[in-house]
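>>> quick one, structure for this:
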Amino acid sequence: MSTVRPQVGSDGAGPFGAVNAFFHACMGDHAPGLDERPDDRLVGMMQIGRTLLGMVAAVWLVVAYPLSSGREEFVLGKLVELGMACAVLLVGSLVGIAAFLIAGTPERRRDFARRLLGPLVCMLALALGPALIWLSLTTVKGDLVGGEDLMGFYSAIVGRGILCSLFSFITLIIGWLLALVVLIVSIPYTIIAAYVCVASCFRASDVHQLLPALLSPLLVWSLFAFQLFNGPDVAAPPEVLYTFLLGGPLSVTALSAWEVRRLRTRYGITLRGALGR
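Here you go, the predicted structure:
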């Protein structure tokens, strides 16, 4: 699971410049400045390198060894892992942000509270996907609005007859087609939104740069425990399998510890300073 977190540059250049500018516009002048969220290219490169290495190792493992179950079960298992990652990070982000709000000085609490728009936007964007899937499925099955409901609606306007039946039929067909399109679009949207929320730690860095580094180990070790009890995805030798399973959590934990140390030694960003203590 990727734990790359977007770094905010001072110049807004690069492929993510427009996205960062949009979030800065939404958050106004309350977003963390470079003193609390520095533009450290080395940290970003290390995160991207670790993620690419993990992806290459995962692809090699799947190609080199047969799957323990069928392809459908494998894909479903990965979707379940993604959902679990969202749940773990959502709870962790809420707890972490709440802890910052409670432990900080009154002035810092006000600063943190002004920066909650980014995490809230991520949470709402993630919740929108399942809501659209439920709404479109309900419409496709005819549970939301049925033919009799439409007949009653149009009969009050044009009366009972051919026009009422025709309008009801056309509305039903158009609504069914639109719901089908929304369903087709909302499924990949939900998956992408979930991945973005996990990769950005629900934009917890908008509140403070230390939060993603503290939350990432919680995510990877939770997924490690889930994979350990759920069984391996591939029929690989134990030494290969457990090396792969432990590689992700250990590398993410080491990278997070290094990031926290680098923020402290290079930029003077500490947990005590973040809380204003």
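>>> for Arg109, give me its contacts.
By C-beta atoms under 8 Å, 6 or more residues apart in numbering, the residues touching Arg109 are Leu101. Glycine gets a C-beta too; all of them are placed from N, C-alpha and C.
>>> what of the one 4 residues further on?
With contacts defined as C-beta under 8 Å, 6+ apart, the neighbours of Ala113 are Leu101.
>>> what do you get for Ala125?
Contacts for Ala125 (C-beta under 8 Å, 6+ apart) come out as Ala193, Val196, Cys197.
>>> with these in mind, which one is nearest to Gln47?
Distance to Gln47, by C-beta to C-beta, is smallest for Val196 among these, at 14.8 Å.
>>> of the contacts of Ala125, which belong to strands?
Among the contacts of Ala125, no member falls in strands (criterion: DSSP state E).
>>> can I get these in TSV including pLDDT, neighbour count and distance to Pro217?
What follows is the contacts of Ala125, written out as TSV (pLDDT from 0 to 100; neighbours: other C-beta atoms under 10 Å; distance: C-beta to C-beta, whole Å):
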residue	pLDDT	neighbour count	distance to Pro217
Ala193	90	20	23
Val196	86	16	20
Cys197	88	22	18
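>>> specify which member of those is nearest to Ile184.
Distances from Ile184 to the contacts of Ala125, taken by C-beta to C-beta, are shortest for Ala193, at 15.5 Å.
>>> assess the claim that that closest one and Pro130 are in contact.
No - between Ala193 and Pro130 there is no contact, the gap being 9.8 Å when judged by C-beta atoms under 8 Å.
>>> ok, Leu228 touching Leu245?
Yes - taking C-beta under 8 Å as the definition, Leu228 is a contact partner of Leu245 at 6.9 Å.
>>> more neighbours: which of the two?
More crowded of Leu228 and Leu245, by other C-beta atoms under 10 Å: Leu245, with 17 against 12.
>>> what sits closest to Met123 if chain neighbours are left out?
Nearest residue to Met123, sequence neighbours excluded (C-beta to C-beta, 6 or more residues apart in numbering): Phe202, at 6.5 Å.
>>> residue ranges in the stretch 151-277 of the chain under the pLDDT threshold?
The model of the stretch 151-277 of the chain has pLDDT under 70 over residues 158.
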